[in-house]
Each structure stands twice: as C-alpha cells, then as structure tokens.
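Chemist: predicted coordinates and the sequence they were generated for:
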Amino acid sequence: MDPILIEFPESFETERLLIRAPMWGDGISMNVAIGESLEELKPWMPFAQTIPTLDESEKFTREARLDFLKRNQLHMRIFNKGTGSFIGCSGLHRINWELRNFEIGYWIRSSCAGKGYMTEAVNGITDFAIRELEANRIEIRCSARNIKSAAVAERAGYTLEGILRRERLGLDGEMHDSKLFAKVRGVEF
C-alpha cells in the first residue's frame, strides 16, 4: 500500500501532553523555544547552530507539515495540555513502511527539561506507533556523549542494542559513537 493512503490521527494526548502534527503558524513558538534552548541544543542538533529567523522556522514547519501528509516523516509538536505552551519537538523518522520500522527523534526546550515531559512524549509516540501504525520496530539513536537523550530512551523502556563505534560526525567536528536503542514487536511489546 502506498503510505500516502495510510490513515491515522494527526494528534493524540497523554496524561499531560497534546502531541500533534505540525500546523501552519507553529514556527513562531518553535523559534522562541530554539532561541531559549540554543546552548543546550547546539552540541547535538544541526538546526540549532544559530537562532533561525522566524521565516526559516515557519518554512521548516510548513515543510514538516507536508512531509507528514506525504508520510515521508512524521514530525510532531509537543504541547502542555493544561497551558497550551510549546514544549518541544519529536516524531518518527527513517520510516520503512514496508517493514513498519521507525526511529523516534526529539528535543525539548530548556525551561521544560527535567520534568518528565520528553519521556512521557516518547512513551506516547511509541504507543501511537504500535497502535496506529502497526510498528514492528522502533529505534532511538543518539550520540553516546548525549547522556540526557540516552536517559530518555532508558526511562521509556528501550533496550540498548549496541554502540556503533565512531558512527557519526559530531557537531564538534569529532567522530562520536552512537547508542542504538530499540523496542521490537514480540519482545518489548
């Protein structure tokens, strides 16, 4: 089946969060969060080497919306249900629709870190992928140096399958090992 014909909800909720597809106009709140969090994001995220312009953030949001509709990548925005405030971004990437394999990526604005939001979001997205997308395998990859990102994967119950030695070029110009975490149908779910 052509992935564009696969129907699933564009939003869902967890206990504290609304997680949804990007929408026109989300660029402003994302831009503010990147500006607030630049120093924490800079070592890990290529998009956070400088503060993007508002137009760049909105352009990225609109392209992410189109990718979601085409089912190429499923970028998602995370909001606090109670306040409506923007918390961060996540989503499903490196999608293989034939095998139903996905990778979760994520970042959180600095003022929301340390409150369990990203672990809750990853758990929610994992459940969404299993229930709505019939996932067989869900991965999380991060630099072995990114202790906070690895901790989210561990708290969400992902299994460390291995360390890929000198697998990625870090934004510091050095080669980094990558940690590969996964949940697999028939094993973890």
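Modeler: Looks like it came in fine.

Chemist: closest to the centroid, which residue in the protein?
Modeler: With the centre of the chain defined as its mean C-alpha position, the nearest residue by C-alpha atoms, centre = their mean is residue 90, 2.3 Å away.

Chemist: which elements pack onto the helix or strand that residue falls within?
Modeler: Here residue 90, judged by DSSP states H and E, is contained in strand 86-96. Where contact means 3 or more C-beta pairs under 8 Å, 6 or more residues apart in numbering; DSSP states H and E, strand 86-96 is packed against helix 27-41, strand 74-80, strand 101-108, helix 117-133. Placement of C-beta: from N, CA and C, glycine included.

Chemist: could you spell out the sheet neighbours of that strand, each with its direction?
Modeler: Looking at strand 86-96 with DSSP bridges, its partner strands are strand 74-80 (antiparallel), strand 101-108 (antiparallel).

Chemist: okay, buried residues for that strand please.
Modeler: Applying a neighbour-count criterion of 16 or more other C-beta atoms under 10 Å, one finds 86-93, 95 buried in strand 86-96.

Chemist: how about those residues in a markdown table, adding distance to residue 29?
Modeler: What follows is the buried residues of strand 86-96, written out as a markdown table (distance: C-beta to C-beta, whole Å):
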| residue | distance to residue 29 |
| --- | --- |
| 86 | 4 |
| 87 | 10 |
| 88 | 10 |
| 89 | 10 |
| 90 | 15 |
| 91 | 16 |
| 92 | 21 |
| 93 | 21 |
| 95 | 25 |
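
Chemist: nearest to residue 162, of these?
Modeler: Using C-beta to C-beta, residue 93 comes nearest to residue 162 of the buried residues of strand 86-96, at 19.3 Å.

Chemist: and for stretch 149-157, what's in contact with it?
Modeler: The contact list for stretch 149-157, computed with C-beta atoms under 8 Å, 6 or more residues apart in numbering, reads 44, 106, 118-119, 122-123, 126, 140, 142-144, 160, 179, 181, 183, 188.
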